[in-house]
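>>> Build me a structure from this.
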Amino acid sequence: EDGIRDRSPSRGLGDVYKRQELHERFGSLNMQTILTPAIDYAEQGFPVTEVIAHYLRSNSNNLKNFPGFSDTFLPNGKPPKKGEIFKNPRLGKTYGRIAEQGRDIFYRGEIAQTIVAYLEAQGGFLSMDDFASHRSEWVDPVHTNYRGYDVWELPPNGQGIAALQILNMLENYDIAAMGAGSPEYVHTFVEAKKLAYEDRAKYYSDMDFNDIPVAQLISKSYAQDRQALIKSNRAAKSFPAGKLKDGDTIYLTVADKDGNMISLIQSNYRGMGSGMTPTDLGFVLQDRGELFSLTKGHLNVNEPGKRPFHTIIPAFVTKDGEPFMSFGVMGGAMQPQGHVQIIVNMIDFGLNLQEAGDAPRIRHTGSSQPTDEIMNDGGVVNLEHGFDKATIRRLKLLSLIHISEPTRRTPISYDVLCLKKKSGGGWGGGGGGGG
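Below you'll find the model as predicted:
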């Protein structure tokens, strides 16, 4: 089972399909024009940034032995260093074929055939039927109202509604009176996160296979029931999931002159994905299939045609029915926690867009997971540099959980990007790095 989970590409390869769906509904430029800059960078090269050099170096040790990986990403047998020019002509050629022939070449034509042949040679299971039958879906987002602002997330099989569950619980407290960075706020936030993540571990899964009561999970009454389990004077080592009635990553956000706004996130998972690098195509296949449960009877158990639980969640905020903000955070299980902290920083603590992204962040790890792990020790609270010593001392006295001391060198999540509509029209941007 460990080997199955270690590097497991998911059944679908939806990125090309969904982008063409989006283009056909909202795009105004032809695909050749859109892809030409990316093709030029792939063919002519670009100077490698510090962060890209770091990830190529750290991932290459684990992935260099997968066929095709070194040929594509390790020129001269070594990862490119910061400032060196990196070229990927294979990817440029792949983009060019998609620009000319559309998504059919990826799902029914030569690109699909190349991927299937490559995976068969590695003992994989994806077939031409899997590619040909793939359809990306338009999904209605769900929302909760937090102090007059509607926060929108995507429903499962992703984890977006965890942010809504946490916000619903926090709304029952006077967060503003607690104060930003206070031990009371950190403790309350972490306990609410732990409660929501127990539901995340048990219920979040492919809704085509399971009847997930999303409306109940994000209801105010359910939040009050769950919030009642939080003790103000101590941290819980474990929580049960709620009892319900039957029934690596990149993020971008853009607005245009017509008022259209997009919140988009994509990830191969675990750094550079599965390591499977199909012959001469210039890219690595994702390994989101790693996020299936292998326990029989679990809602997220691996089944044919099923989508695994996943962590990537773009988000929007509206107020009085009008666009207010598009935003997202990178960092796996940190994403719902980051979404909540951006909202709380702006609405409860009155920070502006840039300040909300720059503020030191809280990250709780060790919760129960949709991949069978169970929390029984309360987990670990990680704090970025910026929390004062008094807060840390108070949390250690208050909590029966571990506090990871902040450092300047190690952020606990990646950058957050936000796009907010200005009161006089137009758009303003902001972002923040970890730490």
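>>> Buried ones in stretch 200-210, by neighbour count?
Within stretch 200-210, the residues that count as buried by 16 or more other CB atoms under 10 Å are R200, A201, K202, Y203, Y204, S205, D206. (C-beta placed from N, C-alpha, C; glycine too.)
>>> now stretch 147-158
Buried residues in stretch 147-158 (16+ other CB under 10 Å): Y149, D150, V151, W152, E153, L154, P155, P156, N157, G158.
>>> Identify the farthest-apart pair in those residues.
Y149 and N157 (25.6 Å; CB to CB).
>>> Longest helix in this protein, please.
Scanning the chain for the longest helix, with DSSP state H as the assignment, gives helix 183-203.
>>> Restrict stretch 173-188 to CA atoms and write it as PDB.
What follows is stretch 173-188, C-alpha atoms only, in PDB (Å, rounded to 0.1, in the frame of the first residue of the first chain):
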ATOM      1  CA  TYR A 173     -16.600  34.900  19.100                       C
ATOM      2  CA  ASP A 174     -15.600  38.600  19.300                       C
ATOM      3  CA  ILE A 175     -12.400  38.000  17.400                       C
ATOM      4  CA  ALA A 176     -11.700  41.700  17.100                       C
ATOM      5  CA  ALA A 177     -11.700  42.100  20.900                       C
ATOM      6  CA  MET A 178      -9.200  39.300  21.300                       C
ATOM      7  CA  GLY A 179      -6.700  41.200  19.100                       C
ATOM      8  CA  ALA A 180      -4.400  40.100  16.300                       C
ATOM      9  CA  GLY A 181      -1.700  37.700  17.400                       C
ATOM     10  CA  SER A 182      -3.200  37.200  20.900                       C
ATOM     11  CA  PRO A 183      -3.000  33.800  22.600                       C
ATOM     12  CA  GLU A 184      -6.800  33.800  22.800                       C
ATOM     13  CA  TYR A 185      -7.200  34.200  19.100                       C
ATOM     14  CA  VAL A 186      -4.500  31.700  18.200                       C
ATOM     15  CA  HIS A 187      -6.000  29.100  20.500                       C
ATOM     16  CA  THR A 188      -9.600  29.700  19.200                       C
END
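>>> Pull out the buried residues from it.
Y173, I175, M178, A180, G181, S182, P183, E184, Y185, V186, H187, T188.
>>> give me the element the residue lying closest to P278 once chain neighbours are set aside is part of.
Counting by CB to CB, 6 or more residues apart in numbering, the nearest residue to P278 once its immediate chain neighbours are dropped is Y118, at 4.2 Å. Y118 is part of helix 110-121, with elements assigned from DSSP states H and E.
>>> And the strands in this protein, which stretches?
Counting by DSSP state E, one finds strands in the chain at the ranges 46-47, 85-86, 142-146, 149-153, 249-255, 261-267, 315-319, 322-329, 362-365, 380-383, 402-404, 416-421, 427-432.
>>> export those to a markdown table and tack on distance to K396?
Below are those laid out as a markdown table (distance: least, CB to CB, whole Å):
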| stretch | distance to K396 |
| --- | --- |
| strand 46-47 | 45 |
| strand 85-86 | 45 |
| strand 142-146 | 30 |
| strand 149-153 | 32 |
| strand 249-255 | 32 |
| strand 261-267 | 34 |
| strand 315-319 | 32 |
| strand 322-329 | 27 |
| strand 362-365 | 15 |
| strand 380-383 | 10 |
| strand 402-404 | 5 |
| strand 416-421 | 27 |
| strand 427-432 | 27 |
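>>> can those go into TSV with extra columns for distance to D348 and mean pLDDT?
As requested, the strands of the chain are exported to TSV (distance: least, CB to CB, whole Å; pLDDT from 0 to 100):
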stretch	distance to D348	mean pLDDT
strand 46-47	41	96
strand 85-86	43	96
strand 142-146	9	95
strand 149-153	11	94
strand 249-255	22	71
strand 261-267	22	73
strand 315-319	14	89
strand 322-329	15	84
strand 362-365	14	90
strand 380-383	19	87
strand 402-404	23	64
strand 416-421	16	57
strand 427-432	17	60
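>>> To N62, which of the ones you listed lies closest?
It's strand 261-267; of those, that one is closest to N62 (CB to CB) at 16.9 Å.
>>> For that closest one, which helices and strands make contact with it?
The contact analysis (3 or more CB pairs under 8 Å, 6 or more residues apart in numbering; DSSP states H and E) places strand 261-267 against strand 249-255, strand 315-319, strand 322-329.
>>> let's go with 7 Å and repeat that
Where contact means 3 or more CB pairs under 7 Å, 6 or more residues apart in numbering; DSSP states H and E, strand 261-267 is packed against strand 249-255, strand 322-329.
>>> circling back: kindly export the helix holding Y118 (C-alpha atoms) in CSV.
Output of helix 110-121 as CSV, limited to C-alpha atoms (Å, rounded to 0.1, in the frame of the first residue of the first chain):
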residue,chain,number,x,y,z
GLU,A,110,-0.8,11.7,-30.4
ILE,A,111,-0.1,13.2,-26.9
ALA,A,112,-2.6,10.9,-25.2
GLN,A,113,-1.0,7.9,-27.1
THR,A,114,2.5,9.0,-25.9
ILE,A,115,1.4,9.3,-22.3
VAL,A,116,-0.5,5.9,-22.3
ALA,A,117,2.5,4.1,-23.9
TYR,A,118,4.9,5.7,-21.4
LEU,A,119,2.7,4.7,-18.4
GLU,A,120,2.2,1.1,-19.7
ALA,A,121,5.9,0.7,-19.9
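>>> Which positions within that helix qualify as buried?
Neighbour counts using 16+ other CB under 10 Å place I111, A112, I115, V116, Y118, L119 of helix 110-121 among the buried residues.
>>> Contacts for it next, please.
Applying CB atoms under 7 Å, 6 or more residues apart in numbering, the external contacts of helix 110-121 come out as T94, R97, I105, F106, L126, S127, M128, F131, M276, P278, T279, L281.
>>> Equivalent analysis for stretch 48-68, please.
Taking CB under 7 Å, 6+ apart as the rule, stretch 48-68 contacts 69-70, 73-74, 79-84, 86, 271-272, 275-279.
>>> Buried among those? Need that as a selection in ChimeraX.
Here is the ChimeraX selection string for the buried members of those, based on 16+ other CB under 10 Å:
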select :69,70,73,79,80,86,271,272,275,276,277,278
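>>> Which ones among the contacts of stretch 48-68 map onto helices?
The helices in this structure, assigned by DSSP H, contain F69, S70, F73 from those.
>>> Leaving out chain neighbours, which residue sits closest to the second one?
Setting aside the residues directly before and after it, S70 is nearest to K64 in space (CB to CB, 6+ apart), at 5.1 Å.
>>> Neighbours of that neighbour, how many?
By the measure other CB atoms under 10 Å, the count of residues near K64 is 15.
>>> With G305 instead?
11.
>>> got a pLDDT number for it?
G305 carries a pLDDT value of 80.
>>> which two of the buried residues of stretch 200-210 lie the greatest distance from each other?
Greatest spacing in the buried residues of stretch 200-210, by CB to CB: A201 and D206 (15.1 Å).
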